[in-house]
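Undergrad: Generate a structure from the sequence data that follows.
(one chain, ligands or ions: 1)
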Amino acid sequence: MRLDGKVAIVTGGGSGFGEGIARRFAGEGAAVIVNDISRDGGERVAGGIVQDGGRALFVQSDVSKSEGVGVLVEAAIRAFGQIDCMVNNAGVTHRNQPLTEVSEAEFDRVFAVNVKAIYHAAIHCVPQFRRLGGGNFINIASTAGLRPRPGLTWYNSTKGAVITMTKSMAVELAADQIRVNCLCPVAGETPLLPSFMGRDDAETRERFLATIPLGRFSTPADIANAALWLASDEAEFITGIAMEVDGGRSV
Ligand code: ADP
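TA: Numbering: from 1, shown residues only. Below is the predicted model of the structure:
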């Protein structure tokens, strides 16, 4: 039980990486606030955790809005008495297309969910972490923020921002014993995959896979295992890192 007695919030916990993280954290003893903007997935994940004997609560909100993050922190304190770990995982992308064809509304949306939500998380969580004597943030970035492919320029840019926010927050908050790290996953086999690859056919898939030395896409379990370590006391001396969980793609 590597997270025994800890309380975590996982945004976008209703599917994909967030679902994997929420379930894994709960399996290691954490009480989890499972957040998502959509009700179905979040309820299913929180319900599954409780059915398995774990502690979880689904809170539906939009983390691109300040109050959408505020309700999560309030729920964690009210239901579980504290907060130890904030996982900023909720994310969206835009269609794979030339950068001049992405609308201003789409640009604003990807920045609001992928980047501004972390600002809101800082505003709401830092005072609580200070009060409780420490805590940690885990931000889900992407290999796209380090080595961008064409067609997702504004999405790639949000992930670059997430990596810099992680490092900046880490140096500023270290004095308060608040750790801030991010994960850079390579694409997983989720509904977003065709958008990352640009096209969805066998040849494109083969070409994409050829850039991943370990020869497969990422899974929610890969990302959850890395997040678990960062959230645990085993990583108590780790802050400000961008950990690539990418089957060696970055090499
Ligand atoms: P990934 O591959 O990153 O796991 P998914 O699309 O499976 O991609 O998961 C992202 C999750 O984030 C989805 O469940 C989605 O509903 C959620 N999400 C998207 N936007 C928001 C938002 N504004 N607030 C909360 N959750 C969101």
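Undergrad: What residues does the protein have near the ligand?
TA: Within the chain, the positions adjacent to the ligand are 11-12, 14-18, 35-38, 41, 62-64, 90-92, 113, 188, 190, 192 by Cβ under 6 Å from any ligand atom. Just so you know, the C-beta spots here come from the backbone N, C-alpha and C atoms, and that holds for glycine as well.
Undergrad: go again using 5 Å as the cut-off
TA: 12, 14-17, 36-38, 62-64, 90-91, 113, 190 (Cβ under 5 Å from any ligand atom).
Undergrad: Report the buried members of those.
TA: By neighbour count, with 16 or more other Cβ atoms under 10 Å, these hold 12, 14-17, 36-37, 62-64, 90-91, 113, 190 as buried.
Undergrad: Let's see which of these end up in strands.
TA: Applying DSSP state E to those, the entries found in strands are residue 36.
Undergrad: and the buried ones among the residues of the chain next to the ligand as JSON lines, adding distance to residue 205 and pLDDT?
TA: As requested, these are exported to JSON lines (distance: Cβ to Cβ, whole Å; pLDDT from 0 to 100):
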{"residue": "12", "distance to residue 205": "25", "pLDDT": "98"}
{"residue": "14", "distance to residue 205": "26", "pLDDT": "98"}
{"residue": "15", "distance to residue 205": "21", "pLDDT": "96"}
{"residue": "16", "distance to residue 205": "18", "pLDDT": "94"}
{"residue": "17", "distance to residue 205": "20", "pLDDT": "96"}
{"residue": "36", "distance to residue 205": "28", "pLDDT": "98"}
{"residue": "37", "distance to residue 205": "29", "pLDDT": "98"}
{"residue": "62", "distance to residue 205": "33", "pLDDT": "99"}
{"residue": "63", "distance to residue 205": "31", "pLDDT": "99"}
{"residue": "64", "distance to residue 205": "31", "pLDDT": "98"}
{"residue": "90", "distance to residue 205": "26", "pLDDT": "98"}
{"residue": "91", "distance to residue 205": "22", "pLDDT": "97"}
{"residue": "113", "distance to residue 205": "27", "pLDDT": "98"}
{"residue": "190", "distance to residue 205": "14", "pLDDT": "77"}
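Undergrad: Residue 109 and residue 92 touch, don't they?
TA: Yes. The criterion here is Cβ atoms under 8 Å, and residue 109 meets it with residue 92 at 6.4 Å.
Undergrad: quick one: the helices in the stretch 51-200 of the chain?
TA: With DSSP state H, counting those that start in this stretch, the ranges of helices along the stretch 51-200 of the chain come out as 66-80, 104-111, 117-132, 153-173, 193-197.
Undergrad: Kindly provide the distance from residue 74 to residue 232.
TA: Distance of residue 74 to residue 232, computed by Cβ to Cβ, to the nearest Å: 25 Å.
Undergrad: excluding its backbone neighbours, what's nearest the residue of the stretch 101-250 of the chain found nearest the ligand?
TA: Using Cβ to the nearest ligand atom, the point where the stretch 101-250 of the chain gets nearest to the ligand is residue 190, with a distance of 3.9 Å. Distance criterion Cβ to Cβ, 6 or more residues apart in numbering; nearest residue to residue 190, sequence neighbours excluded, is residue 16 at 4.7 Å.
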